[in-house]
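Chemist: This is a predicted model, with the sequence first.
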There are 2 protein chains.
Amino acid sequence: MRYLEEMRDHPTVDQIYKVLRRRLPSLSRTSVYNALSTLREAGLVRPFSMDGNETLYDANILDHGHFRCTHCGRIYDFDVKLPEAEQIELKGFKTYRRDVLLWGLCPICAEKPECENIKSIN
Amino acid sequence: MRYLEEMRDHPTVDQIYKVLRRRLPSLSRTSVYNALSTLREAGLVRPFSMDGNETLYDANILDHGHFRCTHCGRIYDFDVKLPEAEQIELKGFKTYRRDVLLWGLCPICAEKPECENIKSIN
DNA sequence: AATAAATTTATAAGGATTACAAATTTATAG
DNA sequence: CTATAAATTTGTAATCCTTATAAATTTATT
């Protein structure tokens, strides 16, 4: 938790594992999984995935979206104020979790010549 | 593609495989993966994931969000008109893909007595 | 009908996550 | 301080989804 709060990025389990193991050499991957699972259940971290493969963990549990630059891989946070949740709740839906995920080019990569003609990637 | 268009739901690779194999007994899972990959590259299907694990495929490529009922598992489509994409593009970001994902209880399950005190699950 | 090209299949391999029992650490009681 | 119980941590194996790959099959071409 301390690591997540200090870094304020969106690390994978493996990234957390490799960093923490420098100070806790006996640390196992399983312990990282267990700890993150506990923190998730406690509502202290928010997991999400942008590739349907590995899970990213976010210590920022306030409502926000994630933008992933498909060129550099960086993930940017952005504010979200969607009317969708309210709209859908009017119809009898109860929502308690939301992810707004965007993919594209960040301002830095959008300027790069090699990204000129990238229109869409899936 | 025909299957996806006729069903209009959000099947997993395995669901597609199992249904199609009834008519094409020699069909392999790999072929389903290959076909979906080709369709995705052609922009005819939209993959997404709500559990960070298996990928769901959607023949509806128009902009919309997905609501997943965590009790019955059903996935509902809903309209999305977010200002986020425009906001973020003003800052120099170029977006070409977006997922808006909601989790909660659908109207049917929200009424069920066993769902009374479900406030949040992760 | 023979050969080349493309597609499909089956199997293995990869990577993230979970299951689980053994080992270790921490807490409790005498 | 020990001895014992409880809890945590570790390491390994198992699981699940997906991708890699080469053989087999099908389709196209000559």
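Modeler: Thanks, I have it.
Chemist: Setting the sequence-adjacent residues aside, check what's closest to residue A:59.
Modeler: residue A:4 (3.8 Å; C-beta to C-beta, 6 or more residues apart in numbering or on different chains). The way it works is simple: take the backbone N, C-alpha and C, and place the C-beta from them, glycine included.
Chemist: quick one: the one you found and residue A:40 touch, right?
Modeler: No: taking contacts as C-beta atoms under 8 Å, residue A:4 lies outside contact range of residue A:40: 11.2 Å.
Chemist: What residues sit buried inside the one helix or strand the residue nearest to residue A:59 maps to?
Modeler: Here residue A:4, judged by DSSP states H and E, is contained in helix A:2-7. For helix A:2-7, a neighbour-count test (16 or more other C-beta atoms under 10 Å in any protein chain shown) marks A:3-4 as buried.
Chemist: quick check: mean pLDDT across it?
Modeler: In this model, helix A:2-7 carries a mean pLDDT of 93.
Chemist: where does chain A have low pLDDT?
Modeler: Within chain A, the segments meeting pLDDT under 70 span A:119-122.
Chemist: How is it divided into domains?
Modeler: A:1-61, A:62-122 (automatic domain parsing).
Chemist: Just send those domains back as a markdown table, with distance to residue B:103 too.
Modeler: Below are the domains of chain A laid out as a markdown table (distance: least, C-beta to C-beta, whole Å):
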| stretch | distance to residue B:103 |
| --- | --- |
| domain A:1-61 | 11 |
| domain A:62-122 | 4 |
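Chemist: name the helices or strands packed onto the helix or strand that the helix holding residue A:4 is followed by?
Modeler: Next in sequence after helix A:2-7, counting helices and strands by DSSP H and E, comes helix A:13-23. Packed against helix A:13-23 by the contact rule (3 or more C-beta pairs under 8 Å, 6 or more residues apart in numbering or on different chains; DSSP states H and E) you find helix A:2-7, helix A:29-41.
Chemist: Let's see that with 10 Å instead.
Modeler: Here helix A:13-23 touches helix A:2-7, helix A:29-41, strand A:56-58, going by 3 or more C-beta pairs under 10 Å, 6 or more residues apart in numbering or on different chains; DSSP states H and E.
Chemist: Is there proximity between it and DNA strand D?
Modeler: No: if you take C-beta under 7 Å from any atom of the strand as the test, helix A:13-23 misses DNA strand D, and the best it gets is 8.6 Å.
Chemist: tell me which residues in that helix are buried?
Modeler: Of all the residues in helix A:13-23, those buried under the rule 16+ other C-beta under 10 Å are A:13, A:15-17, A:20.
Chemist: Same question for stretch A:21-36.
Modeler: A:27, A:32, A:35-36.
Chemist: is whichever helix or strand residue A:47 is part of anywhere near chain B?
Modeler: Assigned by DSSP H and E, residue A:47 belongs to strand A:46-48. Yes: residues of strand A:46-48 contacting chain B under C-beta under 10 Å from any C-beta of the partner chain: A:46-48.
Chemist: helices and strands around the lengthiest strand in chain A, which ones?
Modeler: Ranked by number of residues, the top strand in chain A under DSSP state E is strand A:94-105. For strand A:94-105, the packing partners by 3+ C-beta pairs under 10 Å, 6+ apart come out as strand A:46-48, strand A:64-69, strand A:75-79, helix A:84-90, strand B:64-69, helix B:84-90, strand B:94-105, helix B:107-110.
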